[in-house]
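J.: Next come a sequence and a model predicted from it.
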Amino acid sequence: MGRNHRLRRLAALATCVGNAAVVAAFGIAAPAMAAEKVTCYPTGFASGSSLQGSAQTEDWLTSGTEGWGGTDFEASEKTQCTEKPEAGSGPKITYTKTSSGEGLEEFGDNSGVFKPDFDPKALEAGKKSEIPLVANAEPEEGSGKVEAAGLDFYVTTDDAPSNSQDGEAEAAAEAHNPAQITIPVAQAPIAVMLSLPAGCEVEPGSEADLGNATLSELWDGAIPAQGGYAANTWGALLVQLGYTKIAHASEFEEGAEPKQYVETRGAKEKVLRLNGKGETVEVEEEEPGCVQAISLQADYTESGTSYPFKTYLSQIDYTVWNAYADDAENWPSTVKLEDPNTSGSGSRKSESDGGLAENTAANPGSVGYASVGDAAKNGGFSAAATISQFGTGLVKEGGKEVAAKSLKHEILWAEIQNNGTAPASEATYTPPLISGGGHAANCATSVLVPGDESFPSSYNDSWYGITTTDPNIKGDASNAYSICALTFDVTWHHFQNPGLFGKHKTSEEVANTAHNLMEYITTQGQLDVQSHYYQRFPTAMAAHIAIAVQEIKY
């Protein structure tokens, strides 16, 4: 049975026979359903990973007929929670995209002290007594309250906490046992986004193949001069990728091998810009063509998406990338961490995958990385070369504020080599999404790659360093995309720990909420999130993850 057909068949199976049969058919451990349902807390909060944001807000936490908190809350059997009478439609969790690092900071993973202000929405809800308060929270200034801060029920990260960080969280919770539980919840492909310069075009609708050795050189600023182009220019990159130059766009041959590009340097185009006073002015700009230097865009803050991406680069060339393989703003000097263009078509600092996708699309000549969902939804990227005038911010036109526009240029994401650093004549490439499968992510589920073979079997062990990236994934019996990030939810083992919520009925309700949400996410939720730019975690992990979820207790 073909892979895409199998996904559609399982989706139909979900509709016909319900959760238990589907999770069994898909190799996911079904939740242990209690004889009696339990009471959950009506309102909760979570924050962290931007890569995981869409899964949380558009799939798992939806309030319509789908998702854990949907209007068919009890009938769906997606949870063991009962509705609190005053809640009306079941518990509601509000998720805020911040970053993986900020999520862990909130739980005290780097300091041993809770920092609820990393999720202002939860903090405000705590001050208003809408959610339980952290036992040892700092008082709100002038309020006279001893307890004045709320804490997320769980946080999310793409860079799992280490043993040391788990220890810091244990200290913050004043626990005498392992305090944090880390739950893998999904995989997401990381797209390499190409935003070609104006006047430098490949065949419209064509795909781009990017070899691993070139990918490493690209991000290290080491593309050599060639084909009459200077080092680290788009012309040099295209020549290295095997493209040949043609005289005019009318000469493009569909599916030609080698692939073709055309240069129309010098053509002029009028665009709206902002001057130093914030006023809109019309300027005439020239298409720079393929001589334009490659501009490398990266998250300027600590980022969970940066971690697996740089880990992948270190798997390609350890000597160059080992020193950079972390989630910090730690890059070679050629990578831009600040606004590339604050007076042009509206670039902003890249504080998330979505912001990075916007900046890459809005600035012709850029290369960036982001979760494939954010690349598509925020930057307009796809597998095919398409014309874009994407811009960020607003300018005035005809007395009205309109979205800024860049010079016309092509954008697309690359297919990445999946058989190591084999030479171009032997290289094979795969896209981040399953071909013909809509938005289904092309991440491996049936095999373990070297980076995740040592995943922990105990609920209190660290998942730090476990990654599903693998440049030679084809050699591991999978033809999947090679840059997939494993993303995690982090919650508490015992919510009654003295530094958390104490021994109260509301603490038990919060624990029930977190426990049952994680049961849903790691079972039926693995199906619900597919075809939305994500893929489930590897099958071999399912039984161990189910055991960990059962350890989320009052």
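T.: On my side now, so go ahead.

J.: Do a quick rundown of the strands in the stretch 451-554 of the chain.
T.: According to DSSP state E, counting those that start in this stretch, the stretch 451-554 of the chain carries its strands in the segments 484-492.

J.: Low-confidence stretches in it?
T.: Residues of the stretch 451-554 of the chain meeting the criterion pLDDT under 70: none.

J.: now the helices for it?
T.: Counting by DSSP state H, counting those that start in this stretch, the stretch 451-554 of the chain has helices at residues 505-521, 524-528, 542-550.

J.: Pipe those helices into a markdown table and attach mean neighbour count and distance to Ser382 per row.
T.: All C-beta atoms are positioned from the backbone trio N, CA, C, and that covers glycine. Converted to a markdown table, the helices of the stretch 451-554 of the chain look like this (neighbours: other Cβ atoms under 10 Å; distance: least, Cβ to Cβ, whole Å):
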| stretch | mean neighbour count | distance to Ser382 |
| --- | --- | --- |
| helix 505-521 | 23 | 28 |
| helix 524-528 | 24 | 24 |
| helix 542-550 | 19 | 32 |
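
J.: among those, which is nearest Lys115?
T.: Nearest of the helices of the stretch 451-554 of the chain to Lys115, taken as Cβ to Cβ: helix 505-521 at 18.7 Å.

J.: can you tell me the helix or strand for the nearest residue to Val192 once chain neighbours are set aside?
T.: Of all residues not flanking Val192 in the chain, Ala414 sits nearest, at 4.6 Å (Cβ to Cβ, 6 or more residues apart in numbering). Counting by DSSP states H and E, the element that carries Ala414 is strand 409-417.

J.: try Ser216
T.: Per DSSP H and E: helix 212-219 holds Ser216.

J.: which secondary structure elements does that helix contact?
T.: Counting contacts by 3 or more Cβ pairs under 8 Å, 6 or more residues apart in numbering; DSSP states H and E, helix 212-219 is packed against helix 234-240, helix 306-316, strand 409-417.

J.: Buried residues, the following helix or strand past the longest one. List them.
T.: Read that as helix 306-316. Using DSSP H and E, the helix or strand that follows helix 306-316 in sequence is helix 318-321. Residues of helix 318-321 classed as buried: Val320, Trp321 (neighbour count, 16 or more other Cβ atoms under 10 Å).

J.: Only C-alpha atoms, please: export helix 318-321 in PDB.
T.: Extracted C-alpha coordinates of helix 318-321, given in PDB (Å, rounded to 0.1, in the frame of the first residue of the first chain):
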ATOM      1  CA  TYR A 318      31.600  18.200  12.500                       C
ATOM      2  CA  THR A 319      34.800  20.200  12.200                       C
ATOM      3  CA  VAL A 320      33.100  23.400  11.100                       C
ATOM      4  CA  TRP A 321      29.800  23.100  13.000                       C
END
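
J.: How about residues contacting stretch 208-218?
T.: Residues from elsewhere that reach stretch 208-218, judged by Cβ atoms under 8 Å, 6 or more residues apart in numbering: 192, 194, 202, 222-224, 237, 240-241, 294, 296, 313, 316-317, 320-321, 367, 385, 412-417, 420-421, 424, 427, 429, 471, 482.

J.: check contacts around Lys553.
T.: His493, His494, Phe495, Ala511, His515.

J.: right, and out of those residues, which lies closest to Asp109?
T.: Closest approach to Asp109 among those (Cβ to Cβ): His493, at 14.6 Å.

J.: OK, contacts around the closest one?
T.: Contacts of His493 (Cβ under 8 Å, 6+ apart): Ala175, Asn177, Pro178, Ala179, Gln180, Ile181, Tyr459, Asn460, Glu551, Ile552, Lys553.

J.: if we go to 10 Å?
T.: His493 is in contact with 170, 173, 175, 177-181, 459-460, 511, 548, 551-553, counting by Cβ atoms under 10 Å, 6 or more residues apart in numbering.

J.: what's the distance between Lys400 and Leu272?
T.: Going from Lys400 to Leu272 by Cβ to Cβ, to the nearest Å gives 12 Å.

J.: okay, the two: which has more neighbours?
T.: Taking neighbours as other Cβ atoms under 10 Å, Lys400 and Leu272 compare with Leu272 leading, 18 against 8.

J.: What's the biggest strand in this structure, counting residues?
T.: When the chain is parsed with DSSP state E, its longest strand is strand 180-195.
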